[in-house]
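S.K.: Pasting the sequence and the predicted coordinates here, then a few questions.
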Amino acid sequence: AKVDALKLGTARIHLRLNAEQIRTVIRRDLSLETENRDLGRSALKKLSELASVEQPLNVNFADLFLEQSTARRQFMMCAQLLKHIDADSTIRFLIAESENPATVMGALYLARQYGVDHQLDISPLFETPEALETGGRFIEQLLEEPEYMKYLNGRGYLSVQLGFSDAGRFIGQVSADMAIERIHNLISRAVAKADAGLSLLIFNTHGESMGRGAWPGSFDQRFDHLLSHWTREQSRERGVPLRHEVSFQGGDGYLHFANAELAGATYDAFADHLLSEPNDTASDPFYQRTDLVWDFYRALRRWHERLFANPDYGHLLNDFATNFLVKAGSRQRRRTSGPAGPRSLRAISHNATLQQLGVPVNTAAGIGSALRREQDQVNDLIKESPRMRGLMKLASMARSATSVPVLRAYASVYDPTYWVALSKYASSPDQALAYRRIYYLLQSSQTNNSIE
């Protein structure tokens, strides 16, 4: 069974590219622009025509060594893995920050060029605000393309990935959870509409804490939070079999897989989730009062988007994040290119910094503002709806871990007057001079005012 599942490896192979890296190849080699107001429809059509490659390129390790394009190198590496190591292994090919179906079709074009499409699960990752809004139409457009359907029919299923960590960073974890549940169902509906007998593989990536999508309760609650009973029930009614996968990141790897017994118990809990029957959600008003629910969602999302764009929030995160945390994984804490501010911080660093400061605002905050307009109706919904209560419990648990005095204490470190006061009680002239130097350095700093 292990050989059948993993072939000659000890685990499955996952490769990752950013959508921009594929767009670069498309622009440079084919002079196509994938970005326009209609989700790149013209580029999608052209790439669909080009994707019908009849004679794949024959590459070797010298070609791989000489190639400068990161995207092409990844596909070449897939070809070499399948040629020399294990021809039967499935390779998950993740496209991060996917916002345009033409990017996925570009990946299929490259996979066909190197003759690896038959073993690749090309998997768009929906995590940005744009992707969470348009992901349903994104998949619908892809499923209208004959070449893409030909590829899926060969694989037998559509593979997608949802990123709780980054989604929660951009629009707040509660609103991100609502948006991800919605896109789960929009994609399931699109697969059913295609009427091709396809399954849907959903890989829900999330982290070890509330701010990155991990439910603060039992495993049953955690897995049902990631893939709700309603999603499972709706997909079953549509005749779309679901394949659910999850990630255990960060501290999860140490906590839940520290030894064979813990690892076995963790896997057993996930197997129970996979094999269990979904609860009947017909009576849950969360799925009946869609007007009220989505008004609440939009208000909460806007609150977090304003926070994310607030320069003071940027000062709070950026001035602490650089040296505040231990190194997490192989990647840098912040992106070296692209926009500055909170967006430059990776999800792990962003969430860990908020936790260290004692203010997990991306999970705990904004609920009051979202409730303000129709408070009584939303309060009634919380009382009557298991799904809504679950979302509110997530926010309330994060609020219980919030300590504003801790944040104020950190702010005082950037307060120039604090260092002047310390200098008056210094034990030596040299120490007093050092404190005054910090005072002068902080006079032009905005951090204290931003936090206050």
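M.R.: Great, that's in hand. What you see is a predicted model; the values in this text were computed from it and never measured. Numbers count the residues shown, from 1 in each chain.

S.K.: surely residue 204 meets residue 164?
M.R.: Yes. Using C-beta atoms under 8 Å, residue 204 is in contact with residue 164, at 6.7 Å. Placement of C-beta: from N, CA and C, glycine included.

S.K.: what touches both of those two?
M.R.: 180, 213, 226 (C-beta atoms under 8 Å, 6 or more residues apart in numbering).

S.K.: Check which helix or strand the closest residue to the first one other than its chain neighbours maps to.
M.R.: In this structure, residue 180 finds its nearest non-sequential neighbour in residue 162, 5.0 Å apart by C-beta to C-beta, 6 or more residues apart in numbering. Secondary-structure assignment from DSSP states H and E places residue 162 in strand 157-163.

S.K.: picking that back up, quick check on residue 204 and residue 164: which one has the bigger neighbour count.
M.R.: The neighbour comparison of residue 204 against residue 164 (other C-beta atoms under 10 Å) goes to residue 164, with 25 against 20.

S.K.: Excluding chain neighbours, what is closest to residue 112?
M.R.: Nearest non-adjacent residue to residue 112 (C-beta to C-beta, 6+ apart): residue 53, at 3.9 Å.

S.K.: Show the backbone phi and psi for the one you found.
M.R.: Here is the backbone geometry of residue 53 (degrees, to the nearest 10): phi -80, psi 130.

S.K.: Give me the distance between it and residue 437.
M.R.: 65 Å (C-beta to C-beta, to the nearest Å).

S.K.: the more surrounded of those two?
M.R.: Higher neighbour count among residue 53 and residue 437: residue 53, with 17 against 12, using other C-beta under 10 Å.

S.K.: average model confidence for stretch 342-351?
M.R.: Averaging pLDDT along stretch 342-351 gives 78.

S.K.: Next: stretch 48-55.
M.R.: If you average the pLDDT values across stretch 48-55, you get 84.

S.K.: And that stretch, end to end?
M.R.: End-to-end distance of stretch 48-55 (C-alpha to C-alpha, to the nearest Å): 16 Å.

S.K.: still on that earlier bit, what pairs with the strand holding residue 162, and is each one parallel or antiparallel?
M.R.: strand 120-126 (parallel), strand 199-205 (parallel) (DSSP bridges).

S.K.: what's the offset of it from the middle of its chain?
M.R.: Distance of strand 157-163 from the chain centroid (C-alpha atoms, centre = their mean, to the nearest Å) equals 11 Å.

S.K.: and the helix or strand just after that strand, average pLDDT?
M.R.: Next along the chain after strand 157-163, taking DSSP H and E as the criterion, comes helix 164-171. For helix 164-171, the mean per-residue pLDDT is 89.

S.K.: Which residues does stretch 199-206 contact?
M.R.: Against stretch 199-206 from outside (C-beta under 8 Å, 6+ apart): 92, 121, 123, 125, 156-165, 180, 184, 187-188, 191, 212-214, 226-227, 235, 240-247, 249.

S.K.: Mind giving me the packing neighbours of the helix or strand in which residue 395 is found?
M.R.: If you go by DSSP H and E, residue 395 is part of helix 386-400. Secondary-structure packing of helix 386-400 (3 or more C-beta pairs under 8 Å, 6 or more residues apart in numbering; DSSP states H and E): helix 173-194, helix 219-226, helix 361-364, helix 375-384.

S.K.: thinking again about what came up before, can you lay out the strands paired with strand 157-163 as CSV showing distance to residue 8 and mean pLDDT?
M.R.: What follows is the strands paired with strand 157-163, written out as CSV (distance: least, C-beta to C-beta, whole Å; pLDDT from 0 to 100):
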stretch, distance to residue 8, mean pLDDT
strand 120-126, 17, 95
strand 199-205, 22, 94
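
S.K.: Out of these, flag the one nearest residue 260.
M.R.: Set against residue 260 and scored by C-beta to C-beta, those come closest in strand 199-205, at 24.6 Å.

S.K.: Distance from that closest one to the middle of the chain?
M.R.: For strand 199-205, the distance to the chain centre is 13 Å (C-alpha atoms, centre = their mean).

S.K.: What is the neighbour count of the closest residue to residue 247 other than its chain neighbours?
M.R.: Nearest-residue entry for residue 247: residue 205, 4.5 Å, with adjacent residues in sequence omitted and distances by C-beta to C-beta, 6+ apart. Neighbours of residue 205 under the rule other C-beta under 10 Å: 22.

S.K.: So in terms of bridging, what pairs with residue 205?
M.R.: Bridge pairing for residue 205 - DSSP bridges - gives residue 163.

S.K.: got a list of what the residue nearest the centre of the chain touches?
M.R.: Taking C-alpha atoms, centre = their mean, the centroid of the chain lies closest to residue 163, which sits 1.9 Å from it. Each residue near residue 163 by C-beta under 8 Å, 6+ apart is listed here: 96, 125-127, 205-206, 347.

S.K.: want to throw those residues into TSV with distance to residue 67?
M.R.: Putting these into TSV (distance: C-beta to C-beta, whole Å) gives the following:
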residue	distance to residue 67
96	20
125	24
126	29
127	28
205	28
206	34
347	30
